[in-house]
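Peer 1: curious how this folds, go ahead:
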Amino acid sequence: MALVVMLVFAAAGCVQQGKPAAPKKIKRVAAAKKGRPGPAATKPTSPSERDAKRPTGPDATKPTMPTPTRPGADSGLKPPPPPPRPERRVAKDIEPEELRLPIYPGAEVRAARETTWLKGRLGALQTATLHSNDAPDKILEWYKAKFGAEAEVGRPDRKDSRRKAAWVRLMDPKTKLLKSSAWVSWTEEKPGEITDVRVQLVVFIREETPAK
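Peer 2: Okay, here's the model as predicted:
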């Protein structure tokens with residue numbers, strides 16, 4: 001009987017040794033219960049805490065790019081001044097009697113105009129357009145006598161043009177600026193056939209006038 005019982009226990013032991021052992025169940029305990037930090041217990045750090053953890057010293061200093069400054073009170077630079085405004089001017093038609101240049105005898109005054117700068121720095125400018133039937137050389141000689149011995153006579157080169165021109169001008173010897181001029185132009189279809197004679201008068205009035 002004892003022999004039978006031993007054989008039964010021996011057979012049972014062999015059966016248990018042939019089967020694979022069942023894996024032990026691992027109980028996961030929350031790390032927070034045991035006092036150990038875990039993913040769930042990790043909290044974001046504030047900026048002050050992150051700055052405290054950063055290394056300090058010469059090795060930890062990183063070069064920074066310079067911040068460009070714009071003109072202003074902070075940079076100490078002043079913006080450039082705005083460009084000056086152009087002077088205002090007033091133009092008006094005037095009577096032939098108001099011209100400060102002599103009118104060629106027998107010429108017809110087609111237009112007369114005066115332009116005044118309000119600030120008075122440039123004074124005023126008078127222009128007039130005349131028409132005449134006389135020869136251009138005669139008109140030029142007449143204005144040259146009126147302007148005086150210092151007057152200059154010139155003829156621009158217009159060989160290939162039917163419209164010819166010549167001028168008499170008077171310069172200011174002190175300022176070297178133009179004071180007055182008489183520009184004579186005419187049409188010459190053939191040599192000796194002169195038509196449409198025009199005289200353009202220009203006079204500068206460089207007096208200081210009070211601002212309006």
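
Peer 1: now do the contacts for residue 126.
Peer 2: With CB atoms under 8 Å, 6 or more residues apart in numbering as the criterion, the residues that contact residue 126 are 94, 98-101, 112-115, 201-203, 205. C-beta coordinates here come from the backbone N, C-alpha and C atoms, glycine included.

Peer 1: please name the nearest non-neighbouring residue to residue 91.
Peer 2: Counting by CB to CB, 6 or more residues apart in numbering, the nearest residue to residue 91 once its immediate chain neighbours are dropped is residue 115, at 4.5 Å.

Peer 1: er, residue 147 actually
Peer 2: In this structure, residue 147 finds its nearest non-sequential neighbour in residue 170, 4.4 Å apart by CB to CB, 6+ apart.

Peer 1: so that neighbour is in which element?
Peer 2: Assigned by DSSP states H and E, residue 170 belongs to strand 163-171.

Peer 1: just the residues contacting that strand, thanks.
Peer 2: Residues outside strand 163-171 that contact it (CB under 8 Å, 6+ apart): 136, 140, 143-144, 147-148, 150-156, 158, 177-188.

Peer 1: keep only those of the residues you listed that are in helices.
Peer 2: When the contacts of strand 163-171 are checked against helices using DSSP state H, the ones located there are 136, 140, 143, 144, 147.

Peer 1: so where's the chain shaky on pLDDT?
Peer 2: 1-77, 83-87, 118-122, 207-212 (pLDDT under 70).

Peer 1: so residue 198 belongs to a strand, correct?
Peer 2: Yes: following the definition DSSP: H, G, I helix; E, B strand; the rest coil, residue 198 is counted among the residues of a strand.

Peer 1: who does it bridge with?
Peer 2: The bridge-partner assignment for residue 198, based on DSSP bridges, gives residue 131, residue 185.

Peer 1: which residues touch it?
Peer 2: With CB under 8 Å, 6+ apart as the criterion, the residues that contact residue 198 are 129, 130, 131, 132, 184, 185, 186.

Peer 1: next one: residue 144
Peer 2: Applying CB under 8 Å, 6+ apart, the residues contacting residue 144 are 151, 153, 168.

Peer 1: list buried residues within those residues.
Peer 2: Restricting the contacts of residue 144 to buried positions leaves 151, 168, with burial counted as 16 or more other CB atoms under 10 Å.

Peer 1: helices along this structure, start to end?
Peer 2: 2-18, 31-34, 47-53, 136-147.

Peer 1: if we can go back for a sec, what's the closest of the contacts of residue 144 to residue 106?
Peer 2: Relative to residue 106, the closest of these is residue 168; by CB to CB it sits at 17.9 Å.

Peer 1: can you get me a residue count around the nearest residue to residue 156 once chain neighbours are set aside?
Peer 2: The shortest distance from residue 156 to any non-neighbouring residue, by CB to CB, 6+ apart, is to residue 165 (5.7 Å). For residue 165, the tally of surrounding residues (other CB atoms under 10 Å) stands at 17.
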